[in-house]
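In: Kindly return the folded structure for what I paste below:
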Amino acid sequence: MTAKLKTHTLGCKVNQYETQYIREALMGIGYGEADRSQPADLCLVNTCTVTAEGDSKSRQIIRRMHRQNPDARIVVMGCYATRAPQEVAELPGVAEVVTNKRELPDLLGRFGVVDIPNGISGMSNRHRAWVKVQDGCLLRCSYCIIPAVRPDMYSRPMAEVLEEVQRLVDRGYREVVLTGIHLGHYGVDFNRGKSKSDWVRLSRLVRNICDIPGDFRVRLSSIEATEVTADLIDVMAESSDKVCAHLHVCLQSGSDSVLRRMRRRWSVQHIVDRCELVKERLDRPALTTDLIVGFPGETAEDFQQTCEVVRTVGFSKVHIFPFSARRGTPAAEMPDQITRRQKSDRSRRLAELEFELRNAYFQSLNGTELDVLVESQLAADSSRWVGTSCRYAPVVLNEGGRTPGELVSVKAGNVLDQMICAV
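Out: The predicted model follows:
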């Protein structure tokens, strides 16, 4: 009888990629996917520890896996497993804790995988594929636990990444998303001791990906604004048919005093200037961001400065995170913690601003040709389809008969319920 496998992933795109890597390798030696109601022989849980809630959800999933699969061997990996391996090992059913993602080939070897894969061939239940190109972070932002659990920064060899992208394109994927723990530092570890003219950079990787034949596009995941270099912008402008005109830049706050307490490395003006350069060089790019609301010591004036910066840049989407004290980080011990009510009120006001700017950006695209990745049927009308455009705007397609995963070109029309209607 074929051994059955169940997986569960919490957290970021990098985690999702790593789960897929393990899943593909195990299925390559005969494991089968267990149905939801079917008990599994092996359960893999990839955990997150960005917040205390991430830890809690990870524990809940592990316990649920054990209840539903009492005879299964449970392997736990991910950032929570790295941060608290003994705590994880004591949970019911846990047979193995993987504390370092660089040990994944060894883990596969212990399960009998002889030919260790050098990447993935698809993404389970997704129409776009994540491609992990980098791991680790050297920064020490005062609110973030990740450098403590992914401290070893390394980049994947470019040839390996290019081979993986080609394989995904050959398998029919029309969008690949480059991701990493600190994407903008791709190649930094390759460049030690080299002259600047020989440096490997993210821009060079993107340029080489654009040379791969096929009908596909590439999107960059979260990146620091200051690491959106002139070279990278050049590649995006020169290969606008291949590289999505969308950048998710990490702002976190629009107040310099808050950024200093966050131990961020750049000023607000530096970030704004880089965003303005992107808007000058690219055709109506989508700029999206992350913001932490209610960081310790954030005053009403600090918050107002953040709102002004968000309006100045014109972000089309803002991921709003009320500050959550993460045990083990300096920010958790800072004075002047903000009340829950204040964080809730500021989050609401920021969400209202985001709604306004999002609509304004979508309206600015009226009449523009958009490449749309078809993803699913519209919930309110199954005869119509919805997809994501190159500019990260959801688009409703009027024509039926679409195929999930195909890339189509449409003209943007009016905006309805935060979605663009194709003409």
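In: where does this structure dip in pLDDT?
Out: 1 (pLDDT under 70).
In: Give me the domain ranges for it.
Out: For the chain, automatic domain parsing gives the domain ranges 4-110, 129-364, 369-422.
In: Can you give me the first-to-last residue distance of the shortest one?
Out: End-to-end distance of domain 369-422: 9 Å, with CA to CA, to the nearest Å as the criterion.
In: Can you say which of the domains of the chain is nearest to Pro117?
Out: Across those, the minimum distance to Pro117, taken as CB to CB, is reached by domain 4-110, at 5.4 Å. For every residue, glycine as well, the C-beta is placed using N, CA and C.
In: What is the distance between that closest one and the centre of its chain?
Out: With CA atoms, centre = their mean, to the nearest Å as the basis, the distance from the averaged C-alpha position of domain 4-110 to the chain average is 19 Å.
In: Now do that domain: distance from first to last residue.
Out: With CA to CA as the measure, the ends of domain 4-110 fall 17 Å from one another.
In: Reformat the domains of the chain as JSON lines; add mean neighbour count and distance to Gly122.
Out: As requested, these are exported to JSON lines (neighbours: other CB atoms under 10 Å; distance: least, CB to CB, whole Å):
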{"stretch": "domain 4-110", "mean neighbour count": "18", "distance to Gly122": "8"}
{"stretch": "domain 129-364", "mean neighbour count": "18", "distance to Gly122": "6"}
{"stretch": "domain 369-422", "mean neighbour count": "17", "distance to Gly122": "11"}
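In: Let me have those in CSV, adding distance to Pro117 as columns.
Out: Formatted as CSV, the entries for the domains of the chain read as follows, by distance: least, CB to CB, whole Å:
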stretch, distance to Pro117
domain 4-110, 5
domain 129-364, 9
domain 369-422, 22
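In: Name the residues that touch the helix or strand hosting Val14?
Out: With secondary structure defined by DSSP states H and E, Val14 is part of helix 13-28. Residues from elsewhere that reach helix 13-28, judged by CB atoms under 8 Å, 6 or more residues apart in numbering: 5, 7, 9, 33, 42, 44, 46, 48, 77-79, 101, 104, 107-108, 111, 113, 115-117, 119-124, 130-132, 135, 177, 179-181, 221.
In: In space, what's closest to Gln68 - neighbours in sequence excluded?
Out: Sequence neighbours aside, Pro39 is the residue nearest to Gln68 in space, at 7.0 Å (criterion: CB to CB, 6 or more residues apart in numbering).
In: tell me the secondary structure for the closest residue in space to Glu164 that isn't next to it in sequence?
Out: With CB to CB, 6+ apart as the measure, Gly119 is the residue that lies nearest to Glu164, at 3.6 Å, once sequence neighbours are left out. Following DSSP: H, G, I helix; E, B strand; the rest coil, Gly119 is assigned to coil.
In: Please report phi then psi for Gly119.
Out: Geometry field for Gly119 lists phi and psi as phi 170, psi -160, criterion degrees, to the nearest 10.
In: And it, how far from Val408?
Out: Counting by CB to CB, to the nearest Å, the separation of Gly119 from Val408 is 28 Å.
In: And for Ala351?
Out: 31 Å.
In: now Arg128
Out: Per CB to CB, Arg128 is found 14 Å from Val408.
In: Equivalent analysis for Ile74, please.
Out: With the distance defined as CB to CB, Ile74 ends up 42 Å from Val408.
In: so where do the helices sit in the stretch 51-200 of the chain?
Out: With DSSP state H, counting those that start in this stretch, the ranges of helices along the stretch 51-200 of the chain come out as 52-68, 79-83, 85-89, 104-110, 146-149, 158-170.
In: Now do the third one: which elements does it pack against?
Out: Where contact means 3 or more CB pairs under 8 Å, 6 or more residues apart in numbering; DSSP states H and E, helix 85-89 is packed against strand 94-97.
In: So what are the sheet partners of the strand it packs on and their directions?
Out: Strands flanking strand 94-97 in the sheet, each with its direction: strand 73-78 (parallel) (DSSP bridges).
In: Quick one: work out the angle between the strand it pairs with and helix 13-28.
Out: Angle of strand 73-78 versus helix 13-28, following axes from the mean of the first three to the mean of the last three CA atoms, to 10 degrees, is 150 degrees.
In: what's strand 73-78 in contact with?
Out: Among residues not part of strand 73-78, those counted as contacts by CB under 8 Å, 6+ apart are 10-11, 15, 18, 22, 41-49, 58, 62, 65-66, 88, 91, 93-98, 101, 104, 107.
In: what angle sits between it and helix 52-68?
Out: Compare the direction of strand 73-78 with that of helix 52-68 by the same axes, to 10 degrees and you get 170 degrees.
In: ok so, going back, quick check: the residue nearest to Glu164 vs Val258, distance?
Out: From Gly119 to Val258 the distance is 39 Å (CB to CB).
In: Break down the stretch 201-350 of the chain into its helices, ranges please.
Out: Using DSSP H, counting those that start in this stretch, the helices of the stretch 201-350 of the chain run over 202-210, 230-238, 256-261, 268-281, 300-313, 340-364.
In: Is Arg281 in contact with Ala237, as I believe?
Out: Yes - at 5.1 Å, Arg281 and Ala237 qualify as touching, with contact defined as CB atoms under 8 Å.
In: quick one: secondary structure of the residue nearest to Gln68?
Out: For Pro39, the secondary structure call by three-state DSSP comes out as coil.
In: So what does it have for phi and psi?
Out: Dihedral angles of Pro39 (phi, psi; degrees, to the nearest 10) stand at phi -70, psi 150.
In: Show me the contacts of helix 13-28 that map onto strands.
Out: Using DSSP state E to define strands, the subset of these located there is 5, 7, 9, 33, 42, 44, 46, 77-78, 130-132, 135, 177, 179-180.
In: between those residues, which is closest to Asn359?
Out: For those, the minimum distance to Asn359 (CB to CB) is 25.2 Å, reached by Val177.
In: close enough to count as contact, Asn191 and Val200?
Out: Yes - the pair Asn191 and Val200 qualifies as a contact (CB under 8 Å) at a distance of 6.1 Å.
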